[in-house]
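Peer 1: sequence first, then the predicted structure, then my questions.
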Amino acid sequence: MSSHDLIVVGSGAAGMMAAITAARARKSVLLLEKLSKIGAKLKATGGGRCNLTNTLSNEDFMARFGREGRFMTPALEALDYKALMEFFKEIGVESHAPDGYRVFPITHSSSTIINALQEEMHTLGVEVLCSQKVETLEHNGVKVTGVHTLTDTFMGENIIIATGGLGYPVLGAEGDGYPLAESIGHKVTDLYPAMMPLKTKEKWGVNCRADTIAKVELRVDMKKYKKLHATGDLIFTKEGIRGPVVLDFSREITPLLSKFEEIPLLMNLTKGMNEEQIRTHFKKEIAKDPHRTTVQLIQTLLPESVSLELCKMAKADPELGFNKLPGQSRDTLIKLLAWTPLTINGHDGFKMAMITRGGISLKEIDPNTMQSKKINGLYFCGEVMNLDGPCGGYNLQWSFASGYLAGQLK
């Protein structure tokens with residue numbers, strides 16, 4: 001039975017980067033993938049455009065992951081966004097940041113990335129076996145020695161688990177790495193779906209589906225959780241809300257929904273304007289055109305569909321002039337424009353989740369090597385660990401950087 005220096009379990013961004021890194025150091029590498037093709041989830045990333053990373057400094061980048069973010073320090077020092085762009089350039093993929101922030105391959109196609117990684121693995125002699133689901137880890141109590149799949153046993157001196165989380169189950173995500181880690185004695189934190197649309201109790205948003213609202217701020221309206229907020233573009237749907245701000249904020253909301261049936265939110269739909277600023281804006285607009293109806297006045301801030309819904313909520317006649325409305329309706333309307341209430345009451349679970357919140361506890365992994373503190377020769381990288389970031393290349397950068405560090409087999 002042949003033995004390898006390294007067995008990598010999982011062919012996502014982290015796994016392929018780990019395999020390439022080890023193979024470049026002249027290690028014999030076997031990559032095992034349970035699906036019939038490699039990189040299935042990577043192919044779907046960023047709507048298939050593959051937002052590889054972003055141009056934030058390491059400090060700012062880590063801050064966006066919350067209190068666990070500092071764990072990434074050694075990985076990002078080993079492979080920051082500039083080094084990642086250089087790596088892809090070396091294997092034939094040019095990348096750029098058209099908005100100065102998010103980095104994409106210039107083809108804006110994830111297939112370009114997968115093909116380049118696959119070609120590099122082939123060039124380096126990485127053995128890739130698909131349709132091989134790892135069921136158990138082999139070890140002698142001190143060190144890992146191999147893996148068992150449904151059909152075979154493979155021996156290896158080092159094993160990297162890069163199986164990802166539970167998001168995108170349609171692309172094979174089943175959280176295979178969690179039981180493997182637990183079998184060695186690793187703790188896996190509670191797991192929640194993240195980066196996904198959310199469902200709302202209120203149904204008025206169904207009338208506003210045609211419009212994207214820019215720079216919306218979302219806040220949790222619960223005393224204990226008032227610090228939770230996010231800003232970005234929002235889209236109303238048939239069942240609730242989606243868009244970049246919702247994808248980002250969902251990672252805070254899904255754990256709360258496991259405790260509470262409903263999560264009240266407040267939305268600022270007016271690019272951060274407060275009540276006083278909205279009143280001042282209205283006065284200026286009325287001075288320009290005194291004959292404007294209330295709905296036309298609100299439309300200087302928001303699309304017509306949203307403007308009409310807010311009028312309904314405030315019991316304000318949209319066709320009357322603003323100053324002709326009853327004082328209470330005017331006040332209510334101003335308040336609603338500053339902070340619109342919305343209640344989150346559900347989501348579609350991991351079926352619609354792009355990433356997983358939670359994972360293998362970071363306390364049991366050495367951040368300088370990605371090696372298990374429980375057993376020698378076992379490493380972790382990517383989403384299988386308890387680290388998740390917002391939209392914008394964060395999770396892919398982390399996957400590549402942690403895979404690069406793990407693949408050094410320190």
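Peer 2: All right, it came through fine.

Peer 1: residue ranges of the helices in the stretch 301-410 of the chain, please?
Peer 2: 304-313, 327-338, 394-406 (DSSP state H, counting those that start in this stretch).

Peer 1: for the stretch 151-300 of the chain, same thing?
Peer 2: Per DSSP H, counting those that start in this stretch, the stretch 151-300 of the chain carries helices over the ranges 177-184, 244-257, 275-288, 294-298.

Peer 1: what packs against the second one?
Peer 2: Under the contact criterion of 3 or more CB pairs under 8 Å, 6 or more residues apart in numbering; DSSP states H and E, the helices and strands touching helix 244-257 comprise strand 192-194, strand 198-200, strand 212-220, strand 229-236, strand 263-268, strand 340-346, strand 355-357. Yep, even glycine has a C-beta here, placed from its N, CA and C like the rest.

Peer 1: then the first one?
Peer 2: Contact analysis of helix 177-184 by 3+ CB pairs under 8 Å, 6+ apart lists strand 134-139, strand 153-161, strand 378-380 as its packing neighbours.

Peer 1: that helix to strand 153-161, inter-axis angle?
Peer 2: 100 degrees (axes from the mean of the first three to the mean of the last three CA atoms, to 10 degrees).

Peer 1: alpha carbons of helix 177-184, as CSV, please.
Peer 2: Extracted as CSV, the C-alpha positions of helix 177-184 are listed here (Å, rounded to 0.1, in the frame of the first residue of the first chain):
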residue,chain,number,x,y,z
GLY,A,177,-14.7,17.5,8.6
TYR,A,178,-16.6,18.0,11.8
PRO,A,179,-17.0,14.3,12.8
LEU,A,180,-13.4,13.6,11.7
ALA,A,181,-12.2,16.3,14.0
GLU,A,182,-14.5,15.2,16.8
SER,A,183,-13.1,11.6,16.5
ILE,A,184,-9.7,13.0,17.6
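
Peer 1: tell me what angle it forms with strand 134-139.
Peer 2: Counting by the same axes, to 10 degrees, helix 177-184 lies at 30 degrees to strand 134-139.

Peer 1: and if you look at the third one?
Peer 2: Interaxial angle, helix 275-288 versus strand 134-139 (the same axes, to 10 degrees): 140 degrees.

Peer 1: quick one: the strands in the stretch 51-200 of the chain?
Peer 2: Applying DSSP state E, counting those that start in this stretch to the stretch 51-200 of the chain gives strands spanning 53-54, 95-96, 102-105, 127-129, 134-139, 144-149, 153-161, 192-194, 198-200.

Peer 1: ok, the last one: who's next to it in the sheet?
Peer 2: Partner strands for strand 198-200, per DSSP bridges, with pairing direction: strand 240-242 (antiparallel), strand 340-346 (antiparallel).
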